[in-house]
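Asks: 3D, please:
(one chain, ligands or ions: 1)
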Amino acid sequence: MELKSSHSSPVLTDPISINKSRLGIHPNLLSYAQSGGSLSSGKCMTIPRKKPGKLDDVRSNGWLDAMKSSSPPRKKLIKDFNIEVAADDIDISYCSWMIKYPSALKSFEKISKNAKNKKIAVFLDYDGTLSPIVDDPDRAFMPDTMRSAVRDVAKYFPTAIISGRSRDKVYELVGLTELYYAGSHGMDIMGPVSHTESDDHTNFTRSTDQQGKEVNLFQPAREFIPMIDEQVFKNLVENTKGIKGAIVENHKFCASVHYRNVEEKNWPTVAQCVHDILKDYPRLRLTHGRKVLEIRPVIDWNKGKAVEFLLESLGLSDRDDVLPIYIGDDKSDEDAFRVLREGSRGYGILVSSMPKESKAFYSLRDPSEVKKFLKALVRWKKFEEA
Ligand SMILES: [Mg+2]
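Replies: Predicted coordinates:
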């Protein structure tokens, strides 16, 4: 199956006038599918060296509210005869939330019934899905038991990791050669050669993976690498170095500032630093993750598009006998949930121990439940094949 042209030529937006509304608008409300343009503008290549502006910018534009709500406090549960009893109001709301987003474990029979005679494709986020959320993002290691569960899943189903981290970093953390990897929120995809279109497109590069196997690299935001790598990342490091606990990461096609370890009284300063840099780059935008501010290119590309791209690359698109399953925990995963919900193509599964609105169909409480679900998938498949 050949790729559609829309996948091979994602659209870069025209320069946008710099204003507070662009910077302050909530990411879910951002519309970034716009008409074409190129990255050649020299205006974007200047390196701003400015002192942080007034904190009023981030107070008035909603960044701080989004930062505070990006990762609600964890709650405690009481276990009693294997039934989780509501310990407080939050637990009561979680139980009622699960009516709308039932447990994928408890609904496994229904899921497997629908998967009968279909080819399942598995898409997994990394942080908070396969690994626990930890204070130091460099130490978000995946337990060996989880690695083994993912390896088993990949034996039976095409499996891809789609992460906000750089592709190299997420491969280093997962360490499984059996999978496909998409880094930088899907902006850096290493996929199979078969079924993919021409290798002469500017966003395609023929490459080899760690085993020397031929693969296709698809990087719809490759023109942004110099801007992110040589300017924005360096400026973020420079401007946040005085903020205790702030961690800046370079994901090649995007950059992020973690504020999990920053005292809350200093969050406005973190936000202002990012704001001051972002306002000089109209081709970049802000999104909020779990205790992290992320700066990304303004292109019509996200994890949902990455799922569609990988399905096409695998020859699994536009088929009634394919059931994609996507498991993720963060706002950026909602784009993938939405793609699967549209036309009831597959199942989005939200990993969350707190009630939150989602386009997912099902829920899992935490990575340990993700592992149980993956193992259940393998058990079911073995039983089907027996
Ligand atoms: Mg995540």
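Asks: Can you pull the phi/psi pair for V262?
Replies: Backbone torsions of V262, given as degrees, to the nearest 10, read phi -100, psi 140.
Asks: tell me the contacts of the residue lying closest to it once chain neighbours are set aside?
Replies: Excluding the flanking residues, the one nearest V262 by Cβ to Cβ, 6 or more residues apart in numbering is G245, at 4.0 Å. C-beta coordinates here come from the backbone N, C-alpha and C atoms, glycine included. G245 sits next to Y259, R260, N261, V262, E263, N266 when contact means Cβ atoms under 8 Å, 6 or more residues apart in numbering.
Asks: host element of G245?
Replies: Assessed by DSSP states H and E, G245 sits outside every helix and strand.
Asks: and the gap between D136 and K113?
Replies: 42 Å (Cβ to Cβ, to the nearest Å).
Asks: Ok, A271 next?
Replies: A271 is 47 Å from K113, by Cβ to Cβ.
Asks: Can you report how many residues neighbour G62?
Replies: 15 (other Cβ atoms under 10 Å).
Asks: Alongside the ion, which residues does this structure contribute?
Replies: Counting by Cβ under 5 Å from the ion, the positions of the chain adjacent to the ion are D125, D127, G128, D329, D330.
Asks: Isn't the fourth one up against Y126?
Replies: No - the pair D329 and Y126 fails to qualify as a contact (Cβ atoms under 8 Å) at a distance of 9.7 Å.
Asks: higher neighbour count, those two?
Replies: D329 (27 against 22).
Asks: Torsion angles phi and psi at the more buried one?
Replies: Given degrees, to the nearest 10, the pair of backbone angles that D329 has is phi -120, psi 0.
Asks: host element of the residue lying closest to I277 once chain neighbours are set aside?
Replies: Distances taken as Cβ to Cβ, 6+ apart place N235 nearest to I277, at 5.0 Å, with adjacent residues excluded. Under the criterion of DSSP H and E, N235 resides in helix 233-240.
Asks: I'd like the average pLDDT over that helix.
Replies: Averaging pLDDT along helix 233-240 gives 95.
Asks: Of all the residues in that helix, which ones are buried?
Replies: Neighbour-count burial for helix 233-240 flags F233, N235, L236, V237, N239, T240 (criterion: 16 or more other Cβ atoms under 10 Å).
Asks: ok now do the last one, which residues does it touch?
Replies: Under the criterion of Cβ under 8 Å, 6+ apart, the contact list for T240 reads A246, V248, V257, V270, C273.
Asks: among those residues, who's most crowded?
Replies: C273 leads these on contacts (other Cβ under 10 Å) with 27 neighbours.
Asks: from what I can see it touches E238, true?
Replies: No - counting by Cβ under 8 Å, E238 is not a contact partner of C273; they are 9.3 Å apart.
Asks: still on that earlier bit, run the chain-centre distance for the helix holding N235.
Replies: Mean C-alpha position of helix 233-240 versus that of the full chain (Cα atoms, centre = their mean, to the nearest Å) differs by 23 Å.
Asks: Name the next helix or strand downstream of it, please.
Replies: Heading C-terminal from helix 233-240 (DSSP H and E), you reach strand 247-250.
Asks: Each with direction, which strands does that next one pair with?
Replies: strand 255-258 (antiparallel) (DSSP bridges).
Asks: Convert the partner strand to CSV, retaining C-alpha atoms only.
Replies: In CSV, the C-alpha atoms belonging to strand 255-258 read as follows (Å, rounded to 0.1, in the frame of the first residue of the first chain):
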residue,chain,number,x,y,z
ALA,A,255,12.6,21.0,23.4
SER,A,256,11.2,20.7,26.9
VAL,A,257,11.5,22.3,30.3
HIS,A,258,10.6,20.1,33.3
